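> kindly generate the corresponding structure for this input.
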Amino acid sequence: MYSNISTILPVTSTEPSWISIETTAASPPEEIPELWGFITAGIAILFFGSNFVPVKKYETGDGMFFQWIVCSAVMVVGIIVQLIRKQPPFFPIAMIGGVVWELGNVCVVPIVKTIGLGLGICIWGMVNLLSGWSTGRFGFFGLTESVPHNEVMNYIGVGMCVFSAIIFSFVKNEVTPINNIESEPLISQGSSGNIQDMNEDESFIDRMSPGTKRALGLILCLFSGVMYGQMFTGATYIQDHPDKFPGATTNGLDYVFSCFCGIYLTSTTFFCIYIVIMKNKPKIYPKVILPGIASGVMWGIATSCWFVANRSLSIPVAFPIVTAGPSVVASLWGVLVFKEITGKRNLLILMFGFSIAIGGAVLAGVSKN
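Modelled structure (predicted):
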């Protein structure tokens, strides 16, 4: 997909200027070459599509402890990026992106419980793409409107990426149950194992009717997708209005730390609330800690690269590419490594989805020029 990427824009410097540790005020909008935008988008796709591989065979329970571990690792990546960039100014408005992202992320567990992971990913992925793309394309929330050189091609590319998400939802996975690692949390709700304890463990979602569950799941999917798509809005607003923020630059890496601070603080707040609700007996699975850290580091690197791609390629171009690509990578893991996707029908659907997703990403990329 990226083999001919060097033909898009020749490299005029032996050292990429966007990774320089020096920061300057009011940097020119096009300081990051398009080539590096496509490269960082490719890295983001690879890591987003692979970041849950380390935790594939580990029990995560209700997900609250796991998400806090992941967000803690994300915070470490943000600190490293901040140090590499020689500690650029901290803008609280950029934290808003991290806060809204975590608001969407905390809904994942109830989404999975109500409508399932496959349909959930399909819906929130499409909404995420449309939310972020439309914000940059039409200049919502005070952003500068970003119009691709070829609007029609960009629209077609976005439509194909959305359609590919629908196609992937028809692929059936054969997931092997987790039975060779610890299945009990370090701290559990009860030890007697009687019916009363099991009823106390049952959440309010489990007591809903099927119709109510589905309605709640769909609402939460829409909410999560919208929140995910606004992760970059605060940072982009600063980049578009450097005159309002002394010391601001146009380098996306300078806002990674602020965004990740928002993610970590919100995640920690939710985890503390969860501990209180669970009466100081949270479900903690120790063996998921190291895999969770690996997953968080991969996600943090991918998102840092996405910050760069957004500025280099523009949000309307980068969003379709980065949101559609991970589905292809994740599916390849399922086929080649975990053997979850088998059968002629599934593989044909998968190949069709690949062609649509890759075609849409290519059209979105070409629409830049």
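> you'd agree Gln230 is up against Ser134?
No. The pair Gln230 and Ser134 fails to qualify as a contact (Cβ atoms under 8 Å) at a distance of 10.6 Å. The C-beta positions use only the backbone N, C-alpha and C, and glycine is treated the same way.
> how about the helices of the stretch 201-350 of the chain, start to end?
210-229, 233-240, 256-277, 289-313, 315-336, 344-366 (DSSP state H, counting those that start in this stretch).
> what's the closest of those helices to Tyr58?
Among the helices of the stretch 201-350 of the chain, the nearest to Tyr58 by Cβ to Cβ is helix 289-313 (5.3 Å).
> what packs against that closest one?
Applying 3 or more Cβ pairs under 8 Å, 6 or more residues apart in numbering; DSSP states H and E, we find helix 289-313 packed against helix 34-48, helix 64-84, helix 233-240, helix 256-277, helix 315-336.
> dump these into TSV; add mean neighbour count and distance to His149 as well.
Formatted as TSV, those follow (neighbours: other Cβ atoms under 10 Å; distance: least, Cβ to Cβ, whole Å):
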stretch	mean neighbour count	distance to His149
helix 34-48	23	12
helix 64-84	21	30
helix 233-240	23	19
helix 256-277	20	28
helix 315-336	23	9
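> CSV for the ones you listed, including mean pLDDT?
Output for the helices and strands packed on helix 289-313, formatted as CSV (pLDDT from 0 to 100):
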stretch, mean pLDDT
helix 34-48, 91
helix 64-84, 94
helix 233-240, 92
helix 256-277, 95
helix 315-336, 84
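> more crowded one of Gln230 and Ser134?
Regarding Gln230 and Ser134, a neighbour count based on other Cβ atoms under 10 Å identifies Gln230 as having more, with 23 against 16.
> list the contacts for the more buried one?
Contacts of Gln230 were listed using Cβ atoms under 8 Å, 6 or more residues apart in numbering, and they are 97, 100-101, 131-132, 135, 141.
> pLDDT below threshold where in the stretch 51-200 of the chain?
The model of the stretch 51-200 of the chain has pLDDT under 70 over residues 117-119, 173-200.
> distance check, Lys287 against Ile69.
The gap separating Lys287 from Ile69 is 11 Å, by Cβ to Cβ, to the nearest Å.
> meant to ask about Gly353
Per Cβ to Cβ, Gly353 is found 31 Å from Ile69.
> ok, now Cys305?
Cys305 is 22 Å from Ile69, by Cβ to Cβ.
> same check, this time on Cys161
From Cys161 across to Ile69, the span is 31 Å (Cβ to Cβ).
> contacts only, for the residue nearest to Val77 when sequence neighbours are not counted.
Of all residues not flanking Val77 in the chain, Gly300 sits nearest, at 2.9 Å (Cβ to Cβ, 6 or more residues apart in numbering). For Gly300, the contacting residues are 73-74, 76-78, 260, by Cβ under 8 Å, 6+ apart.
> make CSV out of these and add distance to Pro291.
CSV is the format used below for those (distance: Cβ to Cβ, whole Å):
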residue, distance to Pro291
Ala73, 10
Val74, 14
Val76, 15
Val77, 16
Gly78, 20
Phe260, 20
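> looking at those residues, which one is closest to Pro326?
Lowest distance from Pro326 to the contacts of Gly300 (Cβ to Cβ) belongs to Val74, with 16.4 Å.
> would you confirm that that closest one contacts Gly262?
No. Proximity of Val74 to Gly262 does not meet the contact threshold set by Cβ under 8 Å, at 10.6 Å.
> mind listing residues that contact stretch 97-107?
With Cβ under 8 Å, 6+ apart as the criterion, stretch 97-107 contacts 67, 71, 124, 220-221, 223-228, 230-235, 258-267, 270.
> pretty sure Gly292 contacts Val55?
Yes. Counting by Cβ under 8 Å, Val55 is a contact partner of Gly292 at 6.2 Å.
> spit out the residues that contact the two alike.
Residues touching both Gly292 and Val55 by Cβ under 8 Å, 6+ apart: Phe66.
> the more surrounded of the two?
Neighbour totals were compared for Gly292 and Val55, and Gly292 leads with 24 against 20 (other Cβ under 10 Å).
> measure the closest residue to the more buried one other than its chain neighbours to Val335 for me?
Spatial nearest neighbour of Gly292, chain neighbours left out: Ile69 (3.6 Å); criterion: Cβ to Cβ, 6+ apart. As judged by Cβ to Cβ, Ile69 and Val335 stand 28 Å apart.
> which stretches in the stretch 51-200 of the chain count as helices?
64-84, 95-105, 108-115, 117-138, 151-168, 195-201.
> out of the ones you listed, deepest packed?
Ranked by mean neighbour count, the helices of the stretch 51-200 of the chain are led by helix 95-105 with a mean of 23 (mean count of other Cβ atoms under 10 Å).
> show me what contacts Asn346?
171-172.
> please shift the residue numbers so they start at 268 in all later answers.
Sure, I'll start numbering at 268, so the last one becomes Asn613.
> may I have stretch 495-508 exported as CSV, CA atoms only?
This file holds the C-alpha atoms of stretch 495-508, laid out as CSV (Å, rounded to 0.1, in the frame of the first residue of the first chain):
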residue,chain,number,x,y,z
TYR,A,495,-13.6,9.4,19.5
GLY,A,496,-13.8,11.6,16.5
GLN,A,497,-13.2,14.8,18.6
MET,A,498,-9.9,13.7,20.2
PHE,A,499,-7.9,16.1,18.1
THR,A,500,-10.3,19.0,18.1
GLY,A,501,-8.7,20.9,21.0
ALA,A,502,-5.2,20.5,19.7
THR,A,503,-6.2,21.4,16.1
TYR,A,504,-8.0,24.6,17.3
ILE,A,505,-4.7,25.7,18.9
GLN,A,506,-2.8,24.9,15.7
ASP,A,507,-5.3,26.8,13.6
HIS,A,508,-5.2,29.9,15.9
